[in-house]
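Engineer: I would like the atomic coordinates for the input below:
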Amino acid sequence: MDEHAKVLLISVAAQLAGMHPQTLRQYDRMGLVEPGRSAGGGRRYSLRDVELLREIQRLSQEEGVNLAGVRRIIDQERLVLELRERLQHMQERLAYAEARLAQLEAISAFPRSELLPSTRTSTALVVWRPRSSEG
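Structural biologist: Okay, here's the model as predicted:
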């Protein structure tokens, strides 16, 4: 089963997380966990949501973090995950650009030292070579 699929009823998710269903409703209202909704409006949870509920419980009960603190921790973890994904994407784009530059060098008479990267934010590659004084 896909860990992100929102298919678990609130009673099942509460049992898996070791919580009362009312606690899950409260966490939903507070924005700590974001269940999906069925056509009839019932909450649906994923296995990832259950893991998050367990982490909320651990932070609040074992670490003594209040729910406002738990929310900040969760928000920061989400931000870190988003930034990691963006970094991965940028690394992939950089690798592509470097490979493309190597291809252009291989078919061109321009040595790398004469190729200047674009200062624009677009994805276009600008190749420049000064005019020779002869000519």
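Engineer: ok, how many other residues are close to Glu51?
Structural biologist: Burial of Glu51 is recorded as 13 neighbouring residues (other Cβ atoms under 10 Å). No exception for glycine: its C-beta is placed from N, CA and C like everyone else's.
Engineer: element containing it?
Structural biologist: According to DSSP states H and E, Glu51 maps onto helix 47-61.
Engineer: now do that helix: everything it contacts.
Structural biologist: 1, 3-6, 8, 13, 16-19, 24, 27, 32-35, 45, 65-67, 69-70, 73-74 (Cβ atoms under 8 Å, 6 or more residues apart in numbering).
Engineer: which ones among the residues you listed are found in helices?
Structural biologist: 13, 16-17, 24, 27, 67, 69-70, 73-74 (DSSP state H).
Engineer: could you chop the chain up by domain?
Structural biologist: Here the domain assignment for the chain is 1-65, 77-135, based on automatic domain parsing.
Engineer: buried deepest among the ones you listed, which one?
Structural biologist: Greatest average neighbour count among these goes to domain 1-65 (a mean of 15), per mean count of other Cβ atoms under 10 Å.
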